[in-house]
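Q: Turn this into a model:
(2 chains)
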There are 2 protein chains.
Amino acid sequence: MLTYLLEDESTPLYRQIYENIKNDIVKGNLTPNSKLPSKRSFARNHSISTITIQNAYDQLISEGYVYSIPKKGYYVSDIGNPGKVKRSINIESHISLDIKLPKAPPLYEIDLSNNTICPDNFPFSTWAKLMRSTMTDNKNGLMTLAPTGGIYELRKGIAEHLKSFRGMLVDPDQVIIGAGTEYLYGLLIQLLGHGQSYCLENPGYKKIADIYRENGVIYTFANVDCDGIVIDDLKKSGADLVHISPNHHFPTGITMPASRRYQVLAWANEAPARYIIEDDYDSEFRSSGRPIPTLFSIDGMEKVIYMNTFSKSLSPTIRISYMILPVHLANLFYEKLSFYSCTVSNFEQYTLSAFIEGGYFEKYINRMRMHYQRQRKKVIEIIESSSLKGLFRIIENDSGLHFLIGLTTNLSDLEISKRLSQRGIGLQALSEYYFDSVSQGATDHRGRQSCHQNFICEFSTELYDKREMRYFILNYSNIDLDKLPKACEIIHECINDK
Amino acid sequence: MLTYLLEDESTPLYRQIYENIKNDIVKGNLTPNSKLPSKRSFARNHSISTITIQNAYDQLISEGYVYSIPKKGYYVSDIGNPGKVKRSINIESHISLDIKLPKAPPLYEIDLSNNTICPDNFPFSTWAKLMRSTMTDNKNGLMTLAPTGGIYELRKGIAEHLKSFRGMLVDPDQVIIGAGTEYLYGLLIQLLGHGQSYCLENPGYKKIADIYRENGVIYTFANVDCDGIVIDDLKKSGADLVHISPNHHFPTGITMPASRRYQVLAWANEAPARYIIEDDYDSEFRSSGRPIPTLFSIDGMEKVIYMNTFSKSLSPTIRISYMILPVHLANLFYEKLSFYSCTVSNFEQYTLSAFIEGGYFEKYINRMRMHYQRQRKKVIEIIESSSLKGLFRIIENDSGLHFLIGLTTNLSDLEISKRLSQRGIGLQALSEYYFDSVSQGATDHRGRQSCHQNFICEFSTELYDKREMRYFILNYSNIDLDKLPKACEIIHECINDK
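A: Next up, the predicted model:
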């Protein structure tokens, strides 16, 4: 007869019995197909109700540890492979949760590398109002699954925004909404197939290469000169797709002129499987002149896939981006990938849609454009009136939320970054955005320093002749202006330091 | 001298000039490196201000169509490859936006295949309240980028929920939050590498196969018998990973007993690269008995990746799912994939975190469990009191939001579905969830009908002997009870119809 000590007052009796029997079955103390005591005798033996035993047996049966034969009784199931099971159970308590989290980014006293949005600038009260009215007025819409590309209202709003803001003619059904540009890159790989190869700009946004690598596709690099991606490098890469930001290249800030744009389009038209991914990530913040037409607008051959995001124009913590597919790719998308659910919550899709439709988005962008323009002007004034005067050069084209700053120094840019970091200042060296392994695919191999110089030489011929200049990326979207004079002083000390 | 008609009163003059010159450059009417008229003569010629011409030229320069030589004048840029460009420009107006959208699901008068949530049941007022207080109290949190796995508060809330609800011991850093289970499957493929092969349950959730296919990984199928996935089939598949729903298999509703669970674990332990993906998609709605321990809980060898979603427990339109990685995979994840941003908006992560922490989630689940239990009971009562009495059999185990219904008929299940559809009733045949190409990988080939019968025979031995039964999936989460008697009548007519 099985006998268990049932002394744990915090656990129901049936549960203690269940645990004890299960434990004995798992450990092999009760052999397969052996008979268990009858409910009545088991109950009597432990001086408890038969109902309690019944409950324990029922649970064991429902989990498959025990089976019953009508009018005969209860038997131990053969749970198979007891040796392995025993080992795997016994080891359980020895596993320590030794999780190594990724290194947190350093916290700087003055962070000139921070590209987030200042919380004061987000339109919280309007957003809260629209979210609330969406929840009051559109319960059915919120509970109905959105199509793969996103809710129609938002896609229409985006199409209208692109028309008035970028002069782009887009059918809402060409718009595919997703939870961040990173997600959409992955979706594009699925759309175009894993066999295609991609060419990226060097220097460029490192995350793009990470995404292509982890998705198992081939990618190569082409250098950037002062007009953008070098066509010869692109041709040599042998790639099917090129990934570029012609309107405001990251990190150099280059705007690709029309001639180079048509060269890229010509390249794409040389073979049927070639496409251009045009990433227009911060086009809303061009502050002077009319924005330059997108590649998508001047493409007549369905060769350009346009990408944009609300990360810069609203906040990176609201994960909403979109891509505009040429018609034949939109059709392929709906044919191949419409089984996917849209990755953005209906709640935020409807709220953003109301935000655009109500004219709030346009007002917000205009306000932020002015804000960033003033912010950039003040930042430059502070640097000019600091001890850095005569020792720096700023390369910017009235666009985006960052600019390049060149500093006169005999030290390397990485050494300066390191010294600044030790003194509590975050400032990223331009060379950090160069990919080392330029020859990943087919293009000719050049080391980081040489292509870096290649770009900088062309970009700053007048200034480069006599002095050593090192370039850095200065993000001003969330900079503390009061602390900037102090930062300039420290930078001055670091670049002069031997 | 260039002369243009400037008669479009709705467009600024500078803009008309800009458009005309640009057009002539693109079309090749103005040859590369030819000199443009001086601002002064151009202005005099058109009787307009030189400032207007200056603005037009500035725009053309900024876009690269024109360059200037100081003290000499303005020249046409060589935009290269004019033949191709001309063609691509000219064709533009001929493209029609002939987008073929995916076929919309049919709208039924009475839909027994609808698995959405009834809008009346979503806790809108609590959700709105928590969303609002998040926006008031946590502006900084909302604007700060979340770690790849999601905000810590939500991961902690999920870990605590799993502990009290599923008896699972999980470190919050093992929890990875993503915008839907579909997205997380893709992330897992990136984590484990594209070279791994996957084994899916047959029958099963078709979307899983779609995801693996579009991600370019190899997948095979293993049949399901009345204890779940057939181990011999799994072994023969040669797969590295198996994807199962042991706690409530879709669509059959099978709960895998302990013996089969240990067999699957034993299989996984036979080779180092083998893992089990345990999809626990609707475990919250088990209405009687204690839930069966998850595979994750009884795994001592870090072989189980646990997946769950708030799609069933809250709403599929809020895209929040999560996976629990074994420690060594969590470490691999942070090492390889922490460059990714979390795909769920901070706004919803914080709101859900407050929803769990405030005890609302637990209350909501309890309320909904009761609701679905009552709903299921009523549905069964209505069917029993209809003319279908004696002609049907329901297979359910007090779980989830759907059950199987067998109907006595001489017609095929697909024929019945078709007839019902024509009469405005949506009801999906079980055989729809069988994968035809069972031999995609290594497993032995059997046609749909044979493995279908295989499962059904075992499942319903007592009933299967004399009569022909066809099985269907009945979703009752959002069923209109008032219309159900009518639906039963129509079903009765359809199954009897010759």
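Q: ok and the residue in the stretch 1-150 of chain A nearest chain B?
A: The minimum distance from the stretch 1-150 of chain A to chain B, using CB to the nearest CB, falls at A:G64 (2.2 Å). Every C-beta, even on glycine, is put in place using the N, C-alpha and C of the backbone.
Q: for that residue, what are its contacts?
A: Contact analysis of A:G64 by CB atoms under 8 Å, 6 or more residues apart in numbering or on different chains lists A:S77, A:I79, B:D227, B:M256, B:P257, B:A258, B:S259, B:R260, B:R261.
Q: Can you get me a residue count around the residue in the stretch 251-400 of chain A positioned nearest to chain B?
A: Using CB to the nearest CB, A:P257 is the residue of the stretch 251-400 of chain A that sits closest to chain B, at 2.3 Å. Taking other CB atoms under 10 Å in any protein chain shown as the neighbour definition, A:P257 ends up with a count of 22.
Q: That one and B:Y67 touch, don't they?
A: No. Between A:P257 and B:Y67 there is no contact, the gap being 9.0 Å when judged by CB atoms under 8 Å.
Q: residues bridging contact with these two, i.e. touching both?
A: With CB under 8 Å, 6+ apart as the test, A:P257 and B:Y67 both reach B:S77.
Q: where does the stretch 151-300 of chain A have low pLDDT?
A: Within the stretch 151-300 of chain A, the stretches falling below the threshold (pLDDT under 70) are A:287-291.
Q: I'd like to know which residues of it are adjacent to chain B.
A: Proximity of the stretch 151-300 of chain A to chain B (CB under 8 Å from any CB of the partner chain) is limited to residues A:171, A:173-174, A:179-180, A:182-183, A:186, A:190, A:193-194, A:206-207, A:210-211, A:214-216, A:227, A:255-263, A:265-266, A:269, A:289-290, A:292-293, A:298-300.
Q: Buried subset of the residues you listed, written for ChimeraX?
A: Applied in ChimeraX, the following selects the buried portion of these according to 16 or more other CB atoms under 10 Å in any protein chain shown:
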select /A:171,173,174,179,180,182,183,186,190,210,211,214,215,216,227,255,256,257,258,259,260,261,262,263,265,266,269,289,292,293,298,299,300
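Q: Just the ones in helices from the residues of the stretch 151-300 of chain A next to chain B, please.
A: A:182-183, A:186, A:190, A:206-207, A:210-211, A:214, A:258-263, A:265-266, A:298 (DSSP state H).
Q: OK, contacts around A:D480?
A: If you count contacts by CB under 8 Å, 6+ apart, A:D480 has them with A:I110.
Q: and if you look at A:Y471?
A: Residues in contact with A:Y471 (CB under 8 Å, 6+ apart) are A:I395, A:L404, A:I405, A:G406, A:L407, A:D413, A:A429, A:L430, A:S431, A:I456.
Q: hang on, it in a helix?
A: No. Assessed by DSSP: H, G, I helix; E, B strand; the rest coil, A:Y471 does not belong to a helix; its assignment is strand.
Q: ok, what's across the strand from it?
A: Under DSSP bridges, the beta-bridge partners of A:Y471 are A:G406.
Q: any idea of the pLDDT on it?
A: Looking at A:Y471, its pLDDT is 92.
Q: A:F122: how many residues sit nearby?
A: Neighbours around A:F122, by other CB under 10 Å: 20.
Q: same thing with the one 4 residues further on?
A: Residues within reach of A:T126, counting by other CB under 10 Å, total 17.
Q: Does it touch A:A354 like I think?
A: No. Look at A:T126 against A:A354 with CB under 8 Å: they stay out of range, at 9.4 Å.
Q: what's near enough to touch the closest residue to A:S338 other than its chain neighbours?
A: Ranked by CB to CB, 6 or more residues apart in numbering or on different chains and with sequence neighbours excluded, the top spatial neighbour of A:S338 is B:P102, at 3.9 Å. Under the criterion of CB under 8 Å, 6+ apart, the neighbours of B:P102 are A:P147, A:T148, A:Y334, A:E335, A:S338.
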